[in-house]
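Chemist: here you go, sequence then predicted model.
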Amino acid sequence: MGFSSISSIKAGIYGRLAFVLTLAACFFPPLLHAAQIDSVRVWRAPDHTRIVFDLSAPVEHSVATLADPERLLVVVPSTALKASLDNLTLADTPISAIRFSHDGQDLRLVFDLKNKIQPRSFILKKHADKGDRLVVDLLDDVNAAPVAATANAPAPAASSAPATAATPPPANPVLPAATVKPAAPSAPPPAATANQRNIVVAVDAGHGGEDPGAIGPGRLREKDVTLAISKELVAAINAERGFEARLVRTGDYFIPLKKRRDLARNMKADLFVSIHADAFTKPSARGASVFALSRHGATSETARFLAQRENESDLIGGVGGISLEDKDQVLAGVLVDLSMTSTLNDSLRVGQQVLNSMGNIATLHKRQVEQAGFMVLKSPDVPSILVETGFISNPEEARKLGTPAYRKQMAQSVFRGVRQYFFQNPPPGTFIAAQRASGAQMVSEHVIAPGDTLSAIARRYNVSVNQLAAHNGMKNHSIKVGQTLKIPAS
C-alpha cells in the first residue's frame, strides 16, 4: 500500500472521528457546572442578616472572612450563578455590595462589608415545596465599628423590604401591601409603681422570613397575618395599666422555634402567646382554636396535624442540622417535673379564657383548649398558648383575616381573654395583684353572642349569676345579642 493510500485512510478516519465528536458535542454538551443558583434573597433581622441562595442541586461550599477592607468570601464549587445580584436591597444590612467571579468551574462570591461580622452558613435540603438552599448568616458584631465602604460599592437603595433577586422575577407580588399593613406597635407602658411591676406578655408572630407559613386564597401569607395581629395585640395590651407586651418577632425574618421560647424567657414573660393562622387539607375546615402543650399525645387529629406543620417551621425557615425531635435533655427532665405540671395547668386556664373571648367574634373549631406537642410551647416555666386565629385555607376566613378591621377585632378578643385570666390570677408583686388585694374591682367585658345565656356566661367566667346581674345593674336576667356585660373578677 502506498504512502498516499495510508494518508487517505488516516484522513478518512480523522474526518469521521471529527464528525462523531461534533455530533456528540451537539447532543451532549459538556457539563461545566453541577448546580446553579436560581435566585437570591436577603432578610434583615435584629441581630443578623440572612442571605438565601436557591439551588438547582445540592452543593459544597466554604466561607472565609477577609480584612482591609472587610469582606466575606463564599466559594461554591461547580456552580453557576443564574440569578442577578443587581437588584438586591442592601439597606440596613452590613453589606455594601456583592461581587462574583468564576475560578474555573468554581463560583466565588465576595461580600463587601460596612463593618465586621461573624459568618455562619449551612445547607438546607429539599423539604415540602422548598428546594435545596444555601444559607449564609452575617451575625452582627456589636463591638465592631463601621468600616469604610469599598470604592466601587454602589449606594444601597433606601428600602427596608426583604431583598429578592430571581431569574425570572415573579410576575405578581405575593400579597397586596394594603392587606397586611399592621398597626404601629405602641411603646411599653412604665411600671405601675416603683414596687409593683407590670404583667409581661410575650407575643410571638408565627413564621417569618424564609418561612411564609400557610398560604391562602389570593396568596395571603400566614406570616403577614400573624405579624399584623400580633402588633394589634401588643398595642391593646400596652394600653392597659399594669400590663406590658413585647413582640418576639418585630419584622419579616425567621426565628427558630427554640429561640422564640428563649426570647420570651429573657423578657421575664408571665405569658407566651404565639399567633398563627394555619391551613388544613380540606378548605372546608374552619374556626379559631387555642392550643397548649401536651406531654402525652394530641387531643385530636387536627391538633396532631397542625402541631406537625408548625414543628416543621425550622426545616423551612432555616436552622442547620435541625431535628424535629427536641433533644434538650434538661428540658426533657423538666417536662416530668411538678413545675411543668403547674405551668401546663396555667396554660390551659389562660387558654380557655382566651378561647371563650374569641368565641364572641369568631366561629370556634373546638370549645375546649386542645393539646399537642408544639415545640414552641415547650417552656418549662412560662405558661404558653398557641392561638390559631382561623384557617387561612378556608376562603371565607382568609377573606376576614386579610382585613385590618377583623385582625384588630381578633387581637382585642385575645387581649380580653388574657386580661380576664390575670385579673383572676395576678402574679405576686404586680400592680394587678396589689389592686386585687386592695379590694378594687377588676372588670373585664363580654359581648353577648347568639346562643349566650346569663348562666352560661357566669359559668364561663367563674362568677355567680347574681354577681353578674348586680355588677351590671340588671333588674332581670334577660340579655340581647351585642350587649356588653362587665365581668367582675371571681
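Modeler: Right, received. Where do you want to start? The model shown is predicted, which means the values in this text are computed figures rather than measured ones. Numbers count the residues shown, from 1 in each chain.
Chemist: when you work out contacts or count neighbours from here on, use the C-alpha atoms and nothing else.
Modeler: Fine.
Chemist: count the residues that sit near Ala64.
Modeler: For Ala64, the neighbour count with other Cα atoms under 10 Å is 12.
Chemist: state whether it is indeed within a helix.
Modeler: No: Ala64: not assigned to a helix; according to DSSP: H, G, I helix; E, B strand; the rest coil it is strand.
Chemist: quick check: closest non-adjacent residue to it.
Modeler: Leaving aside its chain neighbours, Ala64 sits nearest to Leu73 (5.2 Å; criterion: Cα to Cα, 6 or more residues apart in numbering).
Chemist: what about that neighbour, distance to Leu88?
Modeler: The gap separating Leu73 from Leu88 is 18 Å, by Cα to Cα, to the nearest Å.
Chemist: next: His446.
Modeler: According to Cα to Cα, His446 stands 49 Å off from Leu88.
Chemist: isn't Ser274 right next to Ile385, touching?
Modeler: Yes: when contacts are counted by Cα atoms under 8 Å, Ser274 is listed as touching Ile385 (6.3 Å).
Chemist: so which of these two has more stuff around it?
Modeler: Ile385 (30 against 25).
Chemist: quick check: mean pLDDT across the one helix or strand that one maps to?
Modeler: Here Ile385 sits within strand 384-388, counting by DSSP states H and E. What strand 384-388 shows for mean pLDDT is 94.
Chemist: and Val418, what helix or strand is that in?
Modeler: With elements taken from DSSP H and E, the one containing Val418 is helix 404-424.
Chemist: the residue positioned nearest the centre of the chain and Asn345: what is the separation?
Modeler: In the chain, the centroid-proximal residue (Cα atoms, centre = their mean) is His207; its distance is 1.8 Å. Per Cα to Cα, His207 is found 26 Å from Asn345.
Chemist: the stretch 51-200 of the chain: helices as residue ranges?
Modeler: Counting by DSSP state H, counting those that start in this stretch, the stretch 51-200 of the chain forms no helices at all.
Chemist: how about the strands in it?
Modeler: 62-66, 71-76, 79-81, 95-103, 106-113, 117-124, 133-140, 163-166, 199-205 (DSSP state E, counting those that start in this stretch).
Chemist: lowest average pLDDT across those strands?
Modeler: Looking at the strands of the stretch 51-200 of the chain, the weakest mean confidence is strand 163-166, a mean of 44.
Chemist: span of stretch 199-219 from start to end?
Modeler: Stretch 199-219 has an end-to-end distance of 37 Å (Cα to Cα).
Chemist: check the offset of it from the chain's centre.
Modeler: Chain-centre distance of stretch 199-219: 4 Å, with Cα atoms, centre = their mean, to the nearest Å.
Chemist: quick one: buried residues of it?
Modeler: Counting neighbours by 16 or more other Cα atoms under 10 Å, one finds that the buried residues in stretch 199-219 are 199-216.
Chemist: off-centre distance for stretch 246-259?
Modeler: 6 Å.
Chemist: what's the end-to-end length of that stretch?
Modeler: The straight-line separation of the ends of stretch 246-259 (Cα to Cα) is 15 Å.
Chemist: many thanks, I have nothing further to ask.
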